[in-house]
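> Give me the fold of what follows.
(2 chains)
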Amino acid sequence: MASSNLLEKNIRRMDNLFVYCEVEDGVVADVSLELLTKGRSLANELKCQLEAVIIGSALKEVEKQVIPYGADVVHMIDDPRLAPYTTAPHAAVLIKLFQEEKPQIALMGATPIGRDLGPRVSSALHSGLTADCTSLEIGDHEDKKAGKTYKNLLYQIRPAFGGNIIAWIINPDCRPQMATVREGVMRKQIINANYPSKVNHLEVSKYVSDTDFAVQIIERHLEKRKINIKGATIVVSGGYGVGSKENFKLLYELADLLGAEVGASRAAVDAGYADHERQIGQTGITVRPKLYIACGISGQVQHRAGMEESAQIISINTDPDAPINSLADYVITGDISEIIPKMIKYYKQNTK
Amino acid sequence: MKGLKIIVLAKQVPDTRNVGKDAMKADGTVNRAVLPAIFNPEDLNALEMALRVKDQIPGTTVTILTMGPGRAAEIIREGLYRGADDGILLTDRAFAGSDTLATSYALSQTIKEMGKFDLIVAGRQAIDGDTAQVGPQVAEKLGLNQVTYVEEIIQIEKSKITCRRRLDNGVETVKAPLPLLLTVNSSAPDCRSRNAKLLMKYKHARTVTERQEATEDYLYLYDSRPFLNIQEMTVNQIQSTPEQLGLAGSPTKVKRIENVILQAKDAKRLTAADEGINDLMKELIESHVIG
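Have a look, this model is predicted:
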């Protein structure tokens, strides 16, 4: 497979785009595959290579999960002490590898792991890191004050300041340009099951020292996600305007009837109306259902970032000018405690 | 076990959680004046975690370190009212425009001036940026191990700390040697309320700048009650290179900011009237969106 690879004929070059891939029990995380997909298209635009980094234990053949997404090189480092994830050894590998390979861009998931690891690596390399990007683009930048023009920078785009603004962040002078992105924000897409790729096995002792293992994991209880909002075709979602945990029961009732999942805005989660795992938006889950029913959600930009690609949107809100209404296909002005029972009633009547 | 020296990293933030319609000015910039400045919520969780160690291990001290403008002294007072021993306000124009990396640098250089410590506790993230970067970056700059998303310290013994982390999909118990930096999750216990006695004791606590601006007649207090002096530090009191401070020390730059302007879709508008909702449900069923 690799013999026809252009890479081997060419001189190896630096300046590539790296994606740190998370692995749990031999399975590469969805967010990593999504970033590889995004990374592939950015790398095409930049005419550079896409390189994956996999750090863990018992990684035999795990590279086969990432290669179809277009990784030109897969760096692997396999040691029993490298799983489950702890900060120091994974950071040590990335820091040294990035010092050697000098990537121009490094991406990782905005997951508990990526958000623990990213800042550590960026601090050591003095490179800029932007958290929770909702979009990544390539573009130029002119620094008029310094009279300098920068070509092909990574625009790291994210809502900021309570979602009242969208900020385009750049790292003009420091490399790698680092960004984290939440699961579900980008879409994963296999480009070629037999993509020509080179696997580079790294030697543990060159990257990690014994002192990197000072933090020990004593116990872990991980659960498979109980609810699958991301995969739901219909989402009934509630915001602060729902008013109480009690009122949220109406949403569950409607969701049960429609075969939907219940989501929530951050304001509703902060108010204790719904669990954190149901939070939709920039710092929660991104969904693209067939139908999104927004109940009492004002629609700050962070929330919209997590649902604006829904095929159809119904907004139920007492405020006829709620920002979310501008996204909606149907705007129902009124109280959810009156409207949802009617939706339930007429759904039942019309499906009999 | 002898008491620990704990530093709590805290930030005063605009309350972005319930932003009203007047939060944006007509020119598209943020109207900070209408947003109340508050103690960052997860930093309060961090303070509580530190205070619980103090309750448990006699001789423990809790110092709040915050970087910000002069008015950020307010959160140090809030910390004192809840049981912190003292606080430091790091404030200087030289820090203006700092991104997370320049902030971490300034904080870590200040911590180096604060002498030996056992534990640094910070909130996981601040609500005005949600980056969760400053904690890990301070740890890296000080060469410390970090444990993030902590919700409970289970045990401190023989200079090792055992704590439970809250992850998206479960929990993890880890053991780590001191000195250490922890970041604390909102799932950790809420901070205790102000203590009435401490409120009386510290209500006149001021930084030197605040005292210069004050006209009150109790200024005589500060000589006889040293605990009322909130320590203020400027760039001159830390070792630093200018290239690593403020805007110059920030690798990330804001290229462009866009006010969020919504182009309204051509939506169908309904009320709670029965007929409209009946028609809507029929339409959704017929187009196979539902049912």
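> Following the lengthiest strand in chain B in sequence, what is the next regular element?
Once chain B is assigned using DSSP state E, the strand that runs over the most residues is strand B:145-157. The C-terminal neighbour of strand B:145-157 among helices and strands, as given by DSSP states H and E, is strand B:160-167.
> Can you list the helices and strands that that next one packs against?
Where contact means 3 or more Cβ pairs under 8 Å, 6 or more residues apart in numbering or on different chains; DSSP states H and E, strand B:160-167 is packed against strand B:145-157, strand B:170-177, strand B:180-184. Where C-beta positions appear, they are placed from N, C-alpha and C, glycine not excepted.
> Just say which of these is most tucked in.
strand B:180-184 (a mean of 27; mean count of other Cβ atoms under 10 Å in any protein chain shown).
> What lies in contact with that strand?
Residues outside strand B:180-184 that contact it (Cβ atoms under 8 Å, 6 or more residues apart in numbering or on different chains): B:42, B:45-46, B:49, B:118-125, B:132, B:135-136, B:138-139, B:142, B:144-151, B:153, B:161, B:163.
> do the same with stretch A:330-350
Residues outside stretch A:330-350 that contact it (Cβ under 8 Å, 6+ apart): A:238, A:241-242, A:247, A:250-251, A:253-254, A:257-258, A:295-296, A:312-320, A:325, B:267-272, B:274, B:276-278, B:280-282, B:285, B:290-291.
> Buried subset of the residues you listed, written for ChimeraX?
Per 16 or more other Cβ atoms under 10 Å in any protein chain shown, the buried members of those correspond to this ChimeraX selection:
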select /A:238,241,242,247,250,251,253,254,257,258,295,296,312,313,314,315,316,317,325 /B:267,270,272,276,277,278,280,281,282,290
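> quick one: which of the contacts of stretch A:330-350 sit in strands?
A:238, A:295, A:312-317, B:268-270.
> Out of these, which is nearest to A:Ser32?
Nearest to A:Ser32, judged by Cβ to Cβ, of these is A:Ile313 at 29.5 Å.
> Go ahead and confirm that closest one touches A:Met307.
Yes. Applying Cβ atoms under 8 Å as the test, A:Ile313 and A:Met307 come out as touching, 7.5 Å apart.
> joint contacts of these two?
The overlap between the contact sets of A:Ile313 and A:Met307 (Cβ under 8 Å, 6+ apart) consists of A:292, A:294.
> And the helices in the stretch 101-250 of chain A?
Secondary structure of the stretch 101-250 of chain A (DSSP state H, counting those that start in this stretch): helices at A:112-125, A:204-207, A:245-258.
> Pull out the CA atoms of the first one and give them to me as PDB.
As requested, the backbone C-alpha atoms of helix A:112-125 are provided in PDB (Å, rounded to 0.1, in the frame of the first residue of the first chain):
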ATOM      1  CA  PRO A 112     -12.100  16.400  29.000                       C
ATOM      2  CA  ILE A 113      -8.800  15.100  27.600                       C
ATOM      3  CA  GLY A 114      -8.300  17.700  24.900                       C
ATOM      4  CA  ARG A 115      -9.100  20.500  27.300                       C
ATOM      5  CA  ASP A 116      -6.700  19.100  29.900                       C
ATOM      6  CA  LEU A 117      -3.900  18.500  27.400                       C
ATOM      7  CA  GLY A 118      -4.100  21.400  24.900                       C
ATOM      8  CA  PRO A 119      -3.300  24.200  27.300                       C
ATOM      9  CA  ARG A 120      -0.400  22.300  28.800                       C
ATOM     10  CA  VAL A 121       1.100  21.700  25.400                       C
ATOM     11  CA  SER A 122       0.400  25.300  24.200                       C
ATOM     12  CA  SER A 123       2.100  26.700  27.400                       C
ATOM     13  CA  ALA A 124       5.200  24.600  26.900                       C
ATOM     14  CA  LEU A 125       5.500  25.600  23.200                       C
END
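> So what touches the longest helix along chain B?
The residue-count maximum for a helix in chain B (DSSP state H) belongs to helix B:41-56. For helix B:41-56, contacts defined as Cβ under 8 Å, 6+ apart pick out B:3-4, B:6, B:8-11, B:60-62, B:64, B:75, B:79, B:82-84, B:119, B:121-127, B:150, B:152-153, B:156, B:182-186, B:188-192.
> hmm, which of these are the buried ones?
Buried among those (16+ other Cβ under 10 Å): B:4, B:6, B:8-11, B:60-62, B:64, B:75, B:79, B:82-84, B:119, B:121-127, B:150, B:152-153, B:156, B:182-186, B:188, B:191.
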